[in-house]
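> Here is a sequence together with a model predicted from it:
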Amino acid sequence: MGKHRETLAEMALLTTVILGITACSRTEDGAWFSEEASVRGLNFVHQSGFTGRHLVPQIVSGGAALADVDGDGDLDAYLVQGGEIPSTEANVADRLYLNRGDGYFDEAPADSGTDDPGYGMGVAAGDYDNDGDVDLYVTNYGPNVLLRNDGTGRFEDVSLAAGVDDPRWSAAATFLDLDADGDLDLFVVNYMNWTPGIEQDCFVRGVPTYCGPTIYNVPAMDRLYRNNGDGTFTDITFAAGINVAFGNGLGTVGADFNDDGLTDLFVANDMMVNQLWLNQGNLRFKDESLLWGVALDEHGVAKAGMGVAAADYDDDDDTDLLVVNLKEQTDSFFRNEGKYFVDVTREVGLAAPSVRHTRFGVALADFNNDGSLDLYEANGRIESSNPAVANFDEPNLLFKGTRDGKRFHFDQVTPQGGVSAPLIHTSRGLAVGDVNDDGGLDLLIINKDATPYLLMNQATRGQWVRFRVLTSSGRDAYGASVSAMVGTVQMRRDVQPSASYLASSDPRVHFGMGDQAGIKDVVVTWPGGEQERFGDFQAGETYALSRGKGKIFSAH
């Protein structure tokens, strides 16, 4: 429209008050990762479709999944493509790469059915029909796509028949068993009711850039689908109460935050209050974000929420929450106190280093297997740093998790991002998993208008053990949690593949163990609250924990 309007970044500068930020601590640990995407066969190039006009989907797209889609025991890679707006059948398409078994990949055959040409955002992976193989749900600007795996290496688009072809602009999605009935329900986070017809002209220092979501004021309602158990879903958004609150949603994660045996939902909204949907049972939900202290940051500010991670970082047997935000806004690290959360971003050392970058993909994982969760953040601006070119590149960040008695904090690893040579792109989706099964967690990261990163773990690592947690039907038990004694510390890890930003990670549960030779008193809490004891295990192996094969000793 030819006149200056506030962008999302400028509004953050005006509204965010950053108090008490102290200097961040750093640790000189050398390279933790080696970037090997091209040498390992991931010859994908993301395309945002930018041709001179700043259309909002271009700056936020780019998801990925690490999942065993062919059932051979290793992680394959699904990479979500952008393309042109509006999309056409001739649009560039998503790509599936199959793991050879050693962490090297081959592109799936052209007739595999995974080449959705929609303008892609993210992907969720899960066996929604309980037939023993992993299906894919792809979110788009435009109709979403459910790809049913037929078990032979081919996928069929069943979106319309299954009732999940949401035509809105969707961002994150997650499969979860929300009613503990043995099949996976589907939660889809929608961003905005945006079309190119309402696009506006925004500027930073006189340079054209992308507008923030509050310029349009068209937040979109999220969607909740109940699995009917017959390959179809029913939209229960209104019946479940999910319709009463929504924002410009980008990130989501599911976990049992109040430890009642039912999986809850968290939504990170862009420049609007977040939602925390506590599961009331019978597929009814109530937004308790304000009461639990996660709607806003510690200063009462609604931040530009992007990616989300949830894990028990302080080993007190509940799931904590991390939301990453825009440059000039700190991370929001919420410690779970059982009946509410406390913003401990400054306390854990993340305020000063995080405020300098725009963070999207995020992972809390034990990359060096020392028993403490580390943090990786994938970064990239939403406004150009150079008026002459559309350059949104930033370095990514790696933080080493450290335990000092009862105090937990994160120290920034140098070289920046944990790599020996600088890697500076516009990073978005981030998935975690051990692609070469050597006991170290690797990272797959999508970069805007560039090749991806496949960061292979080369850190000096401790002992480890990994569990595949399975339902009685043999499906990965999304929403379950595993607790165990590692030395003198009781740890908890959740089966929770869909978090980060537009991504789906390895569903296997990973414990770093330092110098411990084994892990003891392994207990699984299943969706619904039933607990089952599986005993002790030696380090250095991956084990299956199947429901009904251990000893049931308690239930909520």
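Yep, it's here.

> how close does residue 293 get to residue 261?
According to Cβ to Cβ, to the nearest Å, residue 293 and residue 261 sit 22 Å apart. Where C-beta positions appear, they are placed from N, C-alpha and C, glycine not excepted.

> what's the answer for residue 162, then?
The value you get for residue 162 to residue 261, if Cβ to Cβ is used, is 28 Å.

> In terms of neighbours, single out the busier of these two.
residue 162 (22 against 19; other Cβ atoms under 10 Å).

> okay but residue 235 is in contact with residue 225, surely?
Yes. Residue 235 sits in contact with residue 225 when judged by Cβ atoms under 8 Å, with a separation of 5.7 Å.

> Excluding chain neighbours, what is closest to residue 281?
Spatial nearest neighbour of residue 281, excluding adjacent residues (Cβ to Cβ, 6 or more residues apart in numbering): residue 262 at 6.3 Å.

> And that neighbour, how close does it get to residue 256?
6 Å.

> Equivalent analysis for residue 426, please.
Where residue 256 is concerned, residue 426 sits at a distance of 35 Å (Cβ to Cβ).

> Could you do residue 174 as well?
Per Cβ to Cβ, residue 174 is found 14 Å from residue 256.

> Settle it for me: which of these two has more neighbours?
Neighbours were counted for residue 174 and for residue 256 using other Cβ under 10 Å; residue 174 has more, 28 against 22.

> just to confirm, which helix or strand has that one in it?
Residue 174 is part of strand 170-176 when elements are defined by DSSP states H and E.

> and that strand, what does it pack onto?
Applying 3 or more Cβ pairs under 8 Å, 6 or more residues apart in numbering; DSSP states H and E, one finds that strand 170-176 makes contact with strand 119-126, strand 135-149, strand 185-190, strand 249-255.

> Determine which stretch of those strands is the most buried.
When you average the neighbours per residue for each of the helices and strands packed on strand 170-176 (mean count of other Cβ atoms under 10 Å), strand 119-126 leads with a mean of 30.

> Taking their axis directions, that strand and strand 249-255 sit at what angle?
0 degrees (axes from the mean of the first three to the mean of the last three Cα atoms, to 10 degrees).

> got the angle between strand 119-126 and strand 170-176?
10 degrees.

> Strand 119-126 - what's its average pLDDT?
For strand 119-126, the mean pLDDT works out to 98.

> With stretch 227-246 instead?
On average, stretch 227-246 scores 98.

> mind saving the C-alpha coords of it as CSV?
This file holds the C-alpha atoms of stretch 227-246, laid out as CSV (Å, rounded to 0.1, in the frame of the first residue of the first chain):
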residue,chain,number,x,y,z
ASN,A,227,-9.7,-40.9,15.3
ASN,A,228,-12.8,-43.1,14.6
GLY,A,229,-10.7,-46.3,14.6
ASP,A,230,-11.7,-47.1,11.0
GLY,A,231,-9.3,-44.9,9.1
THR,A,232,-11.4,-41.8,9.3
PHE,A,233,-11.5,-38.8,11.7
THR,A,234,-14.3,-36.5,13.0
ASP,A,235,-13.7,-32.8,13.6
ILE,A,236,-14.5,-32.2,17.3
THR,A,237,-13.0,-28.7,17.6
PHE,A,238,-16.3,-27.2,18.9
ALA,A,239,-17.3,-30.3,21.0
ALA,A,240,-13.9,-30.4,22.6
GLY,A,241,-14.0,-26.6,23.5
ILE,A,242,-10.9,-25.9,21.4
ASN,A,243,-12.8,-23.2,19.5
VAL,A,244,-13.1,-20.7,22.4
ALA,A,245,-9.5,-19.5,22.2
PHE,A,246,-7.0,-19.3,19.4
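
> who touches it?
128-129, 148, 158, 161-164, 181, 183-186, 190, 219-226, 267, 269, 275, 277, 283-287 (Cβ atoms under 8 Å, 6 or more residues apart in numbering).

> 6 Å instead, please
If you take Cβ atoms under 6 Å, 6 or more residues apart in numbering as the criterion, stretch 227-246 is touched by 129, 162-164, 183-185, 219, 221-226, 275, 283-285, 287.

> cool, and stretch 314-330?
Residues from elsewhere that reach stretch 314-330 (Cβ under 6 Å, 6+ apart): 12-13, 16, 255, 257, 268, 303-310, 312-313, 331-336, 345, 351, 354-355, 357-359, 362, 377, 408, 489, 491-492.

> Which residues are in contact with the spatially closest residue to residue 87 that is not a sequence neighbour?
Nearest in space to residue 87, with sequence neighbours left out and distances taken as Cβ to Cβ, 6+ apart, is residue 119 at 4.7 Å. Shown in contact with residue 119 (Cβ under 6 Å, 6+ apart): 82-83, 85, 87, 140-142.

> could you redo the last one with a cut-off of 10 Å?
Going by Cβ atoms under 10 Å, 6 or more residues apart in numbering, residue 119 touches 48-49, 55, 57-58, 61, 80-88, 91-92, 140-142, 169.

> Can you work out which residues contact both of residue 174 and residue 256?
Common contact partners of residue 174 and residue 256 (Cβ under 10 Å, 6+ apart): 263, 479.

> gap between residue 146 and residue 137?
Residue 146 is 5 Å from residue 137, by Cβ to Cβ.

> Next, show the common contact partners of the two.
Contacts common to residue 146 and residue 137, judged by Cβ under 10 Å, 6+ apart, are 124, 128, 159, 162, 164, 173, 186, 225.

> can I assume the third one is in contact with residue 143?
Pointing back at residue 159 there. Yes. Residue 159 is in contact with residue 143 according to Cβ atoms under 10 Å; the separation is 6.7 Å.

> Next, show the common contact partners of these two.
116, 165-166.

> low pLDDT regions in the stretch 251-400 of the chain?
385-390 (pLDDT under 70).

> do that again at 90, thanks
297-299, 301, 356, 381-392 (pLDDT under 90).

> Where do the strands of it begin and end?
Along the stretch 251-400 of the chain, counting by DSSP state E, counting those that start in this stretch, strands occupy 264-269, 275-281, 284-287, 308-311, 320-323, 332-336, 341-343, 359-365, 374-379, 394-395, 397-404.

> and the spatially most central residue of the chain, what does it touch?
Closest to where the C-alpha atoms of the chain average out (Cα atoms, centre = their mean) is residue 500, at 2.0 Å. Residues in contact with residue 500, defined by Cβ under 10 Å, 6+ apart, are 63-64, 122, 172, 251, 253, 306-309, 324, 360-364, 376-378, 428-432, 443, 445.

> Could you do residue 112 as well?
Per Cβ under 10 Å, 6+ apart, neighbours of residue 112: 69-70, 95-96, 98, 147, 149, 152-155.

> any idea how far the residue nearest to residue 515 when sequence neighbours are not counted lies from residue 443?
Nearest residue to residue 515, sequence neighbours excluded (Cβ to Cβ, 6+ apart): residue 462, at 6.2 Å. From residue 462 over to residue 443 the distance is 19 Å, taken as Cβ to Cβ.

> of those two, who's got more company?
Shown here are residue 462 and residue 443; by other Cβ under 10 Å, residue 443 has more neighbours (32 against 17).

> how near is the more buried one to residue 422?
Residue 443 is 16 Å from residue 422, where distance means Cβ to Cβ.

> and what of residue 450?
In terms of Cβ to Cβ, residue 450 sits 14 Å off from residue 422.

> just residue 447 next, same as before
Taking Cβ to Cβ, one finds residue 447 at 14 Å from residue 422.

> cool, residue 396 as well?
10 Å.

> Overlap in contacts, these two.
residue 416.

> These two: which has the busier surroundings?
Under the neighbour definition other Cβ under 10 Å, residue 396 and residue 422 were set side by side, and residue 396 has more, 28 against 9.
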